[in-house]
Structure formats: structure tokens, C-alpha cells
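>>> what shape does this take:
(3 chains)
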Amino acid sequence: MKTIPRYLEAAIATADGTFMALYSSKGLVGLNFPARRGTTKPGAAGAVPEVIRKWHSTTSVALKRALTGKSPRELPPLDVSSGTNFQQAVWRELCRLKTGETCSYGELARRIGRPNAGRAVGGACGANLIPVLIPCHRVLAANQKPGGFSGGLDWKRKLLEREGVAIQ
DNA sequence: TCCAATATTATGC
DNA sequence: GCATAATATTGGA
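Next up, the predicted model:
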């Protein structure tokens, strides 16, 4: 699962910056937080297949809604083939969380049938390539402690706050 | 195959 | 509260 064939990158401009979406032939593979400086320019949009343009449109809308604390109406197909079985199980479970709902790593582990794999769940969340759309930010540690976040704890706090979730 | 690292959790001081 | 041990999964030597 290291083989990264060839992905297509497309930019999504939001009020919080320009996100970078990564697509494969199967669907959305990854989503990156806005890079500090001059993000790589939106590549040649002309070479983008029709399907991906549609996905990108859906992704764009879903992302913007998610950023404002609302649940996306529609998600593009997610290509999670880059993750292990365990990770995919975790991500699938994450997608079940509704806006404003939170869950602990331990509880999440329990839901996927690995009651003691809380730590591994943390690892799976950290390996999540599609933050925001796969709500890894809604996962807190046991005592409602913040835990961590790939794109920076700052984002986690901001996202949760917009969904009406207060964290210590 | 083994070793080290982790966005955890439960327990003991 | 802080330090320590236990546990699951992953990635690399």
C-alpha cells in the first residue's frame, strides 16, 4: 500500500483557505489542508475526466458545508483502498458520526469489535487522508480530552467549535 | 521476523 | 494530577 499510482490533484477554495483534493479513478483519495504559502497552482483542468469534475464539484460543496458545521448532503465516492482493513473499518465507523456528535477512541474501537484497540484506532485516525469529510476531528480521548490531529490541533478545535461542540 | 512508535486507556501514587 | 504498564496495529530494519 505504498504504491501511489497516479493521482489527480485539484484545488478547492474555501473561506478557510485552499484545500487540495486528490482523486484516483475510483474516487476521492485524500484531502489536504491549505498549505501556508503559494499552494501549487490548480493543474491543467482540461485533462480532468468528466467523472472527476463531477466528484470535485460534490467534494467542494460537501467540504464547504462541513467547514461551516453543517452535514454534507452528498459525498463523493471515497477511495480508501490505500488503507488497511482495520483503518477502513475505523473510517467507515467515523462516517456514521453525525455533525455535532463526538466519540472516544476506546468507544470507536469497541464499535468495530476491537475493544482494546483504542490506541490503534488513534493510529488509524492519524492515517486518515480525508480529514473533515471523514470526521476524524469528532474523535476525542476518554475524558473528553482533545487528543491530537494530523492537520494541527488548531483545526480540530475550530471545526468542533463550529459544530457546537465545546472541548476543554 | 522482530523492534520501535502511536491522535489511548486503566491503574497506582 | 502525573507516572507507569498494558494493548492493538503499522511500518521499517
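>>> before we move on, what's the pLDDT of A:Thr3?
pLDDT, A:Thr3: 54.
>>> what do you get for the one 10 residues further on?
Here, the pLDDT recorded for A:Ala13 equals 95.
>>> for the spatially closest residue to A:Thr68 that is not a sequence neighbour, phi and psi?
Leaving aside its sequence neighbours, A:Thr68 sits nearest to A:Arg162 (Cβ to Cβ, 6 or more residues apart in numbering; 6.4 Å). (Each C-beta comes from the backbone N, C-alpha and C, glycine too.) The phi and psi values for A:Arg162, taken as degrees, to the nearest 10, are phi -70, psi -20.
>>> what number of residues lie near A:Arg162?
15 (other Cβ atoms under 10 Å).
>>> from what I can see it touches A:Ala66, true?
No. Contact between A:Arg162 and A:Ala66 fails when scored by Cβ atoms under 8 Å: they sit 9.1 Å apart.
>>> out of everything not next to it in sequence, what's closest to A:His56?
In space, A:His56 is closest to A:Ala10, 5.1 Å off (Cβ to Cβ, 6+ apart).
>>> the one you found touches A:Phe19, doesn't it?
No. Contact criterion Cβ under 8 Å: A:Ala10 and A:Phe19 do not qualify, at 9.4 Å.
>>> can I see the domain layout of chain A?
Domain assignment for chain A, taken from automatic domain parsing, gives A:8-67, A:85-162.
>>> report the buried residues of stretch A:85-103.
A:Phe86, A:Gln87, A:Gln88, A:Ala89, A:Val90, A:Trp91, A:Glu93, A:Leu94, A:Leu97, A:Thr99, A:Thr102, A:Cys103 (16 or more other Cβ atoms under 10 Å).
>>> if I've got this straight, the fourth one is in a helix?
Translated: A:Ala89. Yes. Counting by DSSP: H, G, I helix; E, B strand; the rest coil, one finds A:Ala89 located in a helix.
>>> please report how far the closest residue to it other than its chain neighbours lies from A:Arg65.
Leaving out its chain neighbours, the residue that sits closest to A:Ala89 by Cβ to Cβ, 6+ apart is A:Ile112, at 4.6 Å. Applying Cβ to Cβ, to the nearest Å, the value for A:Ile112 to A:Arg65 is 27 Å.
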